[in-house]
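Enquirer: Provide a 3D model corresponding to the input given below.
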Amino acid sequence: MPVGLPSFFRLTTQVMASLGVAPTSPAGVAMADAIRENDPGLAPPLDQVFGMLQREYSRSTIEKEVRGLLRTPRNADTRNHESILKLSVDADGKPFVVTTNFDLMFEKVEGRLQRWCSPLLPSMVFNESPRGIVYLHGRLAHNHDESGNLILSSADFGRAYLADGWSTEFMRDLLERRVVVLLGYSASDPPIRYLLEGLSTSSSSKLRTIYAFDKGPAEDVRAKWNELGIVGIGFDQFSHLWATLDAWANRSSNKSAWVSQVIRLAHSSPRNLAAYQRGQVVALVATPDGAKSFAEATPAPPSEWLRVFDKYSRYGRVEKARPPQRPNDIDPHHQYGLDDDPPRDVSGEARAVQEGVDILSTLPTDVAETGRSRISNMYHRALPLNSRLQWFVQWFARVLDQPAALWWAMRQRGLHPEMLAAIRRRLTHIAPTMPPLDGEARRVWSLLLEALVSSANHSSNHEWVNLQIRIRADGWTGAVLRELQDIAQPYLVAHPFLFDLSLHPANGEPVEIGRVVRFDVQTPSRRGANIDVPDDYVRPVVRIMRGVLERAIGLLDDAHGSHKFYRTPAISPEIRGNWQPPHQDGLDADFLWFVELCERLRKLSPDSLREEVNAWPAADGYFFARLRMHFWKERDLFDGQAVGHSILAFSDDIFWSPYAKRELLPLLRARWGDFSSTHRHSIERRILKGRRQYDGESPKDHSADKKYNAGIALGWLQRNRCRLSPGAEKALTRIRSAKDWPTEHELGADHDSDGRTGWVEQRKDPSDLRNLPNGLIASRALEMSKLRFEDFVEDRPFTGLVESQPVKALLALTIERRRGNYPVFLWRQLISSWPTATSERLFLACAHRLADLPTEAMFELRYEVTRWIERFALRMYQLQPEEFGTVWDKVFHSLCQSGEKATASAISRSTDSKGNARSTKTVDHAINGPIGHLLEALFNTFGDKKFVKGESFPEGFRVRVERALGAPGDGASHTAILLGRQLNFLYLVDSRWFKREILPHLSVDDALSESLWAGAIAEIKVPAPAAFFKAVKQDFLMILGQPEKFHLDEGADRKLAQMLIQATFWSVKHAGYVTVKECRDALRTCSESGRQAALWVVEQIVPVENNWELFGKGFFKLAWPREVAYRTSSTSEAMARLATEMRDKFPEVVDAIQEYLTFVEYPDTVIFGLLDERHGTSIAARWPTETLAVLTKTIRLDTSSVPFQLGTVLNLIADANESLRTHKAWRDLAGLLSR
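Expert: Sure, this is the predicted structure:
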């Protein structure tokens, strides 16, 4: 703190100067370099220097000098001391500060402070809330009687922290009760070193995390302090730190004013605030008192704050633009992020955990009232909520009527029981301080509450599978029927509204609560379970499934409001082309199963089916109306007059339902003759009358639709031999006389409305083309070629002609060529369907026809032509090498004439997981580009030829490769990529040509460098042999060291790291590859995922033969970077996995990797490896000491969730070595189990 007093280093040099310490004395020699350069970094530990001075000059002399140098300046600036005192006050406004400084600056600010001076420190056990200032290392005495208590030398520190240990005991008790923040210390300061050494002997598992402010980049500060087990908080300038602390001090000294100010902010939409302002609100609600103030504020802060408090919503997916409603992408983190939020995780790792504060779950700063819990998406089980989270429940209940609350709630996998209870209280008017929910809000929340509870009860979704297993074991019993009845019951589910409408449209208008959520009805998924019902049980199962559908009707009414637009699958779907029946599950599967069971019941007992049909709800339009229509076709079960009467009794919504026509029209056809003439005429009149007019529908549209529906229905009945009355026939004739009447629609009036999946059948019958004159074939083929989507059929007669009579097909196109026509559609079929077995003459004729295509046609057919040359390159080369060269050259020249577009890949540019444009310099792009096809054709001419070292390539091959490297657009790049895949082969066969024409392009300064390296990296091929690698080694290392300069494909960092390790491994036996020092430097610049990939390669190498001694041991000693910044959860997990794979050498491996291990985010996987008995005795039982060392390094003691099977592994360790049960590390880990 800038008050004019010297730092510890400056104090040391001033004491030495005042005493006139001789340069040759021990202290003078030790401090010589630091004094000469005025650099504290060159000084030895300063407590050791003071020890030397005390031995040389006496303790009292040194202390006297210190007192003289640390006199309080008369005009000292104490504002920073004032801020610290304000920040340290307790609930009664009394400060409590612990300082290792000797000066009296705090007393200068507040002279009436109670003070404590070592070794007489306050007891944290009996004095729960000590106040005042604690001089942990002594206090400057005003008189001689108070001297002798300053902690200066290593002996003093040893006495305070180790021998007598009063400072350690005090700090341990403090850390069990308070959050300690270090201010004004560096990680190397003696107090920090001795404090941590003293605490290392503590067996307490209740010590809280220590925090420390330190100057420097945040990541560097975190890494530096993390090694000491302390959370570092970085800042860039001291002035910024003090300004921040001063602002917090003002907040602390007038908390009510600060709270009022933040609550005013909280009444605004968080989208309208800056990130730091949202951070202030979060800081408020991170404490129980602050959460209470927020929850009780009037009016209640908007529910939109849930988007800020919920980390997973704050970092939610980016909503892509959808003009005009959503003109731009919406990133929720931009709208709701905090000023101290870490960046969004873009690693793409499946188990990556997004860092950032999650206000809706238990925080590290929460008083440990309960275990770790959350108000939604609970952890393994719903533990009671602490007092802070309970305030959020109260606030949530107050804002239920706001759309944002509903928007958030329906996106949770489940809500905590206390949240559900709060919703229920609001709905049942039990909450007297809150108005009851009314109208749409009440309806929606009632349904959502039901959906949330139902979803929690159906979370496993394996009920049908379990029932199938039970039936196989026990057979069909009454208990099985009861279980079937229980598991088959439908339930409500909630989904985002269609198209997932943004909560805040671009026009700024609020969204109605009913537009936020939509409801549906589900039944448990079958998950492939097939329940076979014996004949004796068909009838009771039918009754059960009828009850399921009846319950679903009530739920569907609540969810949809009407059956008008509800669709069930067709009972008798039509067969069209190569269609595949869609997979049915849930309620649709139950509906069809009910149909199947009723069909079986009809065969077993027709009277029982009649009884069943008559018991169905009469007015239902969801299921039973269509079921009735289906079964009323049975003449032997249902009287025609009764059926006709019932049809006329259908409501308009059922009679005119587009989804019921598949059942209604066949029913009318089947029973038309059984109806009375009165019923037939009534049905005809109803058809002609049409449906009622919809709300908002114009009279003109209604009239047109009525005529259309009447004409289609009556026309279908007439075509299906249903005799119409004269009046109906006359009306039908009049309707059909309309211009452009779609007669074909009458034929398909009974088509179902179900979706279709299947494959398109390509019909290639060339019969209609074979007997035509060659000059007419092309035009006729174009006329006949069509795609009939409704039948899943594509007519391609010309393709059939190419396959059966290629000479005739080629002649037809040759004739068109003479006429100046180049039907690309037919040329494409000729090229793609050309048979492999044709005569040499015909084959070469086709090749020349393709090569002679005009530039415009060649451009249109560039992918097909070049792919054809690639496919047939070997045959053409073997027949006529010169002809192959001619064809290749013509096609290449034509593409170059067409410019850059002609050489572009067939694959379009896409974006990666970070939203950035992917590189087009990839193998996929190259092999799908025209020039890529031509280059592959050159390699294909080699066939099965086995080259020998130094043989050299044919001249034609080399010349054309060189030309391809100069192709326009992406052509040169695609060539280089594909050459990059073959670098080692090219070097082996023709090293002289390679060095002259290819090797220069591998220089990072060359325009084609990225492409060549992209090909090599894609194949993960290290350049070899050593002489080749040595020539490109610096370029390889530069790509590794400066990846941001190279636009490589996503995932290239991992492949590069794998190549790096392989090249380092080869250096063991061959000079010229990567040295361990170069490997370490490269690993420092790798991405985190790259270092993980590097360790994966090490895992593959070291278990083989003696590779651990040959490579692995030295790799971890010399090649893996030792900086703390590279000790991460993922690399530690990988190293632990490597150790468990090396079972016989586990102690050796642990000894090598232990330095690099740190806490693992999910230590469960580490424990699993230590317990694995698949290959014999578990590692934990075999190597208990080393197992404990790994666990100590990888498991946090301040974790809020206990790793799975921690108790099991600790018991194995203790059983294998009973003495380890008394070790502090074992006791600390065991302490987690008792939390």
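Enquirer: CA atoms for contacts and neighbours, from now on please.
Expert: Fine.
Enquirer: Just the C-alpha atoms of the top helix by length along the chain, please, in PDB.
Expert: In the chain, ranked by residue count with DSSP state H as the criterion, the top helix is helix 538-560. C-alpha atoms of helix 538-560 as PDB (Å, rounded to 0.1, in the frame of the first residue of the first chain):
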ATOM      1  CA  VAL A 538     -56.500 -60.200 -25.500                       C
ATOM      2  CA  ARG A 539     -59.800 -58.900 -24.100                       C
ATOM      3  CA  PRO A 540     -58.400 -57.600 -20.800                       C
ATOM      4  CA  VAL A 541     -55.500 -56.000 -22.600                       C
ATOM      5  CA  VAL A 542     -57.900 -54.300 -25.000                       C
ATOM      6  CA  ARG A 543     -59.800 -52.900 -22.100                       C
ATOM      7  CA  ILE A 544     -56.500 -51.600 -20.600                       C
ATOM      8  CA  MET A 545     -55.500 -49.900 -23.800                       C
ATOM      9  CA  ARG A 546     -58.900 -48.400 -24.300                       C
ATOM     10  CA  GLY A 547     -58.500 -46.800 -20.900                       C
ATOM     11  CA  VAL A 548     -55.100 -45.500 -22.000                       C
ATOM     12  CA  LEU A 549     -56.600 -43.800 -25.100                       C
ATOM     13  CA  GLU A 550     -59.500 -42.500 -23.100                       C
ATOM     14  CA  ARG A 551     -57.100 -40.900 -20.600                       C
ATOM     15  CA  ALA A 552     -55.100 -39.500 -23.500                       C
ATOM     16  CA  ILE A 553     -58.300 -37.800 -24.800                       C
ATOM     17  CA  GLY A 554     -58.600 -35.700 -21.700                       C
ATOM     18  CA  LEU A 555     -54.900 -34.800 -21.800                       C
ATOM     19  CA  LEU A 556     -55.100 -33.900 -25.500                       C
ATOM     20  CA  ASP A 557     -58.000 -31.700 -24.900                       C
ATOM     21  CA  ASP A 558     -56.000 -29.800 -22.300                       C
ATOM     22  CA  ALA A 559     -52.900 -29.700 -24.400                       C
ATOM     23  CA  HIS A 560     -54.400 -29.000 -27.900                       C
END
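Enquirer: Please work out the average pLDDT along it.
Expert: For helix 538-560, mean pLDDT is 94.
Enquirer: ok so Phe519 is a helix residue?
Expert: No: the assignment for Phe519 (DSSP: H, G, I helix; E, B strand; the rest coil) gives strand, which keeps it out of a helix.
Enquirer: Could you report the distance from it to Tyr491?
Expert: 10 Å (Cα to Cα, to the nearest Å).
Enquirer: And for Pro122?
Expert: 62 Å.
Enquirer: Looking at these two, which has the bigger crowd around it?
Expert: When Pro122 and Tyr491 are compared for neighbours, Tyr491 comes out ahead with 22 against 18, by other Cα atoms under 10 Å.
Enquirer: show me what contacts that one?
Expert: Ala451, Ser454, Val521, Gln522, Thr523, Ala552, Leu555 (Cα atoms under 8 Å, 6 or more residues apart in numbering).
Enquirer: Now tell me which of these the prediction trusts least.
Expert: Lowest confidence among the contacts of Tyr491: Ser454, with 85.
Enquirer: Name the nearest residue to that residue, sequence neighbours excluded.
Expert: Tyr491 (6.2 Å; Cα to Cα, 6 or more residues apart in numbering).
Enquirer: What of Thr1140?
Expert: On the basis of Cα to Cα, 6+ apart, the spatially nearest residue to Thr1140 that is not a chain neighbour turns out to be Gly1169, at 5.9 Å.
Enquirer: residues shared between the contacts of Phe519 and Tyr491?
Expert: With Cα under 8 Å, 6+ apart, Phe519 and Tyr491 have no common neighbours.
Enquirer: would you list every one of the helices in the stretch 601-750 of the chain?
Expert: Under the criterion DSSP state H, counting those that start in this stretch, the stretch 601-750 of the chain contains helices at 606-614, 624-631, 640-648, 652-655, 661-671, 677-689, 699-719, 726-736, 743-747.
Enquirer: Can you add distance to His495 and give those helices back as JSON lines?
Expert: Conversion of the helices of the stretch 601-750 of the chain to JSON lines gives the following (distance: least, Cα to Cα, whole Å):
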{"stretch": "helix 606-614", "distance to His495": "34"}
{"stretch": "helix 624-631", "distance to His495": "26"}
{"stretch": "helix 640-648", "distance to His495": "36"}
{"stretch": "helix 652-655", "distance to His495": "26"}
{"stretch": "helix 661-671", "distance to His495": "29"}
{"stretch": "helix 677-689", "distance to His495": "38"}
{"stretch": "helix 699-719", "distance to His495": "33"}
{"stretch": "helix 726-736", "distance to His495": "44"}
{"stretch": "helix 743-747", "distance to His495": "36"}
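Enquirer: Is Arg74 in a helix, a strand, or coil?
Expert: Arg74 ends up coil, using three-state DSSP.
Enquirer: burial measure for it, as a count.
Expert: 8.
Enquirer: what's the neighbour count on Val453?
Expert: Other residues near Val453 come to 17 when the count uses other Cα under 10 Å.
Enquirer: Sorry, wrong one. I was asking about Gly943.
Expert: Neighbourhood size, Gly943 [other Cα under 10 Å]: 12.
Enquirer: Please shift the residue numbers so they start at 637 in all later answers.
Expert: Right, with 637 as the first residue, what we last looked at is Gly1579.
Enquirer: which element is it on?
Expert: Here Gly1579 sits in a region with no helix or strand, counting by DSSP states H and E.
Enquirer: what does the domain assignment say about this structure?
Expert: Structural domains annotated on the chain: 637-707, 708-883, 890-1093, 1274-1391, 1393-1460, 1472-1545+1553-1651, 1656-1762, 1768-1871, as defined by automatic domain parsing.
Enquirer: Include distance to Ile1149 when you put these into TSV, please.
Expert: Formatted as TSV, the domains of the chain follow (distance: least, Cα to Cα, whole Å):
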stretch	distance to Ile1149
domain 637-707	55
domain 708-883	40
domain 890-1093	5
domain 1274-1391	23
domain 1393-1460	36
domain 1472-1545+1553-1651	38
domain 1656-1762	42
domain 1768-1871	37
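Enquirer: So for Glu1099, which of the ones you listed sits nearest?
Expert: The closest of these to Glu1099 is domain 890-1093. By Cα to Cα, the value is 11.1 Å.
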